[in-house]
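>>> coordinates only, sequence not included:
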């Protein structure tokens, strides 16, 4: 698993352990956007997502001394930190319902078909279980490998494969059910 | 056809699509599963076509600056961090030299150890010679950080840090923040930022020491405090205000590039699948 991580990333991590600010900035630029996307789709709050993204990198600094390439890939380690932050967030508040501002309202001006599709998909994603949503975001939005997702979720690769299948099947049922409503 | 066969075919098709195969090529390998596979793969294609929002340039710059600041704060020697002059630094060195042996023993004993009185006296000396409210605030925060360092060293040992010790830091942090609140906004902002980092460290220590039966009260209290400070920091930075249209921090997707296809999506490989770590800037 660790062998698939680009050598450039490993070198940046080693430099970061030595306190290299430019290495820290490079890693930030590499991973800030994927982490931000993950938080946006988990929390549906762009400001909160930006804050949580920043928090991931602060925790990265605090714990970089304990990170080891022989464990999980660095990208997966960052997403593991992100997952913990999402869990903390949900513990503080009730699970967020989809924000009304993100869904088209009945009687509103006809939205573009692409917007309806996108909102419908995002709404359906929000109705998956937390675990199913995690695997969809990590596997199909952020394109992580099965091994990475398994490390992040603390599951076997076989379990992740089963989970991704169930998640997409659930998403399909939700979308087909919604299509009957939206049309 | 068993569920596990369909699952296996589905996972196989996902990897084939990611490798650049077409939908028809994938379905041709599993004609007996076509009816179930095709709608699932079209859903995957829709997800692959979802917008990929990114941090706004301003938010990205702010996040990177915060990271650099945190890294720089870790690198500075203690006396530079608190802005002490040479005379004050010399006085501290004298105190440290005289009490070196017993101070080491006190550090090993922890914040509540038998020789912690010497450490408290040293800190009071530092506070007495601190010239400005900003220096006092920095010294208080540095004291909190030293206690966190000691507590972190206790993690994993027997006995583990108890709730009384952990909540004692909450009181120390509160004292430090009272000093910070005396400062004008530009000076307070960086110190509030630092306090947020200290709270995150304390949460990490608590999480490392608690088990399933542990009371989650201390964690919840810290989370509330962190939220309060973050809100305060936002107000200082002028971020407060109602959300409009495209909220700050979100780059709206380019309709020409990011919008999903209308009608049924044709499963293709995921857009721009990187061979490297991600779609960085």
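Cool, got the structure. Please read all numbers here as calculations on a predicted model, not as lab measurements. Numbers count the residues shown, from 1 in each chain, chains lettered A, B, ... in the order given.
>>> only C-alpha atoms for contact and neighbour calcs from this point on.
Fine.
>>> what residues does stretch A:154-172 touch?
Residues outside stretch A:154-172 that contact it (CA atoms under 8 Å, 6 or more residues apart in numbering or on different chains): A:124-125, A:128, A:132-133, A:135-136, A:139, A:146-147, A:149-150, B:7, B:10-11, B:39-40, B:43-44.
>>> quick check: mean pLDDT of the helix or strand in which residue A:84 is found?
Secondary-structure assignment from DSSP states H and E places residue A:84 in helix A:74-92. In this model, helix A:74-92 has a mean pLDDT of 92.
>>> enumerate the positions of it that are buried.
Within helix A:74-92, the residues that count as buried by 16 or more other CA atoms under 10 Å in any protein chain shown are A:74-83, A:85-86, A:89.
>>> out of the residues you listed, which comes closest to chain B?
Chain B lies nearest to residue A:75 out of the buried residues of helix A:74-92, by CA to the nearest CA, at 7.1 Å.
>>> for residue A:149, see how far away the closest one is.
Distance of residue A:75 to residue A:149, computed by CA to CA, to the nearest Å: 10 Å.
>>> again, but for residue A:40
Distance of residue A:40 to residue A:149, given as CA to CA: 18 Å.
>>> next, see if the helix holding residue A:84 gets close to chain B.
Yes - Helix A:74-92 lies within reach of chain B by CA under 8 Å from any CA of the partner chain, at A:75, A:92.
>>> buried residues in stretch B:64-72?
Those would be B:64, B:66, B:67, B:68, B:69, B:70, B:71, for stretch B:64-72 by 16+ other CA under 10 Å.
>>> chain A contacts on the stretch 1-150 of chain B?
Residues of the stretch 1-150 of chain B lying near chain A (CA under 8 Å from any CA): B:7, B:10-11, B:39-40, B:43-44, B:46-48, B:50-55, B:59-60, B:63-64, B:66-68, B:70-72, B:75.
>>> which of the residues you listed are buried?
Among the residues of the stretch 1-150 of chain B next to chain A, those classed as buried by 16+ other CA under 10 Å are B:7, B:10-11, B:39-40, B:43-44, B:46-48, B:50-55, B:59-60, B:63-64, B:66-68, B:70-71.
>>> in strands, which of those fall?
Nothing among those maps onto strands, per DSSP state E.
>>> narrow those residues to those in helices?
The helices, defined by DSSP state H, take in B:7, B:10-11, B:39-40, B:43-44, B:46-48, B:59-60, B:63-64, B:66-68, B:70-71 from these.
>>> which secondary structure element contains residue A:158?
Applying DSSP H and E, one finds residue A:158 within helix A:157-182.
>>> flag the shaky bits of chain A, pLDDT-wise.
The model of chain A has pLDDT under 70 over residues A:1-5, A:94-117, A:178-183.
>>> and the residue of it closest to chain B?
Of chain A, the residue with the smallest distance to chain B, taken as CA to the nearest CA, is residue A:30 at 4.2 Å.
>>> the helix or strand containing that residue packs against which elements?
Assigned by DSSP H and E, residue A:30 falls within helix A:21-43. Counting contacts by 3 or more CA pairs under 8 Å, 6 or more residues apart in numbering or on different chains; DSSP states H and E, helix A:21-43 packs against helix A:7-17, helix A:46-63, helix A:74-92, helix B:57-75.
>>> skipping its backbone neighbours, what lies nearest residue A:33 in space?
Spatial nearest neighbour of residue A:33, excluding adjacent residues (CA to CA, 6 or more residues apart in numbering or on different chains): residue B:54 at 5.1 Å.
>>> wait, isn't the one you found in contact with residue A:35?
No - at 9.1 Å, residue B:54 does not count as touching residue A:35 under the criterion of CA atoms under 8 Å.
>>> contacting residues for the residue positioned nearest the centre of chain A?
Computing the C-alpha centroid of chain A and ranking residues by CA atoms, centre = their mean puts residue A:38 first, at 2.9 Å. Neighbouring residues of residue A:38 by CA under 8 Å, 6+ apart: A:137, A:138, A:142.
>>> tell me who's in contact with the first one.
When contacts are counted by CA under 8 Å, 6+ apart, residue A:137 touches A:38, A:41.
>>> ok, now with 7 Å
By CA atoms under 7 Å, 6 or more residues apart in numbering or on different chains, the contact set of residue A:137 is residue A:38.
>>> can you tell me the SS state at it?
Secondary structure assignment for residue A:137 (DSSP: H, G, I helix; E, B strand; the rest coil): helix.
>>> how close does it sit to residue B:234?
From residue A:137 to residue B:234 the distance is 29 Å (CA to CA).
>>> do the same with the last one
Plainly put, residue A:142 is 29 Å away from residue B:234 if you go by CA to CA.
>>> which of those two has more neighbours?
Neighbour comparison, residue A:142 and residue B:234: the larger count goes to residue A:142, with 20 against 14 (by other CA atoms under 10 Å in any protein chain shown).
>>> isn't the more buried one right up against residue A:34?
Yes - counting by CA atoms under 7 Å, residue A:142 does reach residue A:34; the two are 6.5 Å apart.
>>> of the buried residues of stretch B:64-72, closest to residue B:146?
Checking the buried residues of stretch B:64-72 against residue B:146 with CA to CA, the nearest one is residue B:70 at 15.9 Å.
>>> ok, for the closest one, nearest residue in space, not its chain neighbours?
In this structure, residue B:70 finds its nearest non-sequential neighbour in residue A:58, 7.2 Å apart by CA to CA, 6+ apart.
>>> and that neighbour, how many neighbours?
Neighbour number of residue A:58 under other CA under 10 Å is 21.
>>> same thing with the one 5 residues further on?
When neighbours are defined as other CA under 10 Å, residue A:63 has 13 of them.
>>> enumerate every residue touching it.
Applying CA under 7 Å, 6+ apart, no residues qualify as near residue A:63.
>>> now residue A:34
Applying CA under 7 Å, 6+ apart, we find residue A:34 in contact with residue A:142.
>>> that one and residue A:41, how far apart?
According to CA to CA, residue A:34 and residue A:41 sit 11 Å apart.
>>> next one: residue B:227
For residue B:227, the distance to residue A:41 equals 21 Å [CA to CA].
>>> now swap in residue B:14 and tell me
Distance of residue B:14 to residue A:41, given as CA to CA: 22 Å.
>>> the two: which is more packed in?
Legend: neighbour count by other CA under 10 Å for residue B:14 and residue A:41, higher for residue B:14 (23 against 20).
>>> what is the helix or strand containing that one packed up against?
In this structure, residue B:14 sits in helix B:3-18 according to DSSP H and E. With contacts defined as 3 or more CA pairs under 7 Å, 6 or more residues apart in numbering or on different chains; DSSP states H and E, helix B:3-18 has these neighbours: helix A:157-182.
>>> only the buried residues of the helix it packs on, if you could.
A:157, A:160-161, A:163-165, A:167-172, A:174-175.
>>> could you list the low-pLDDT ranges of the stretch 51-200 of chain B?
Low-confidence segments of the stretch 51-200 of chain B, defined by pLDDT under 70: B:76-131, B:149-169.
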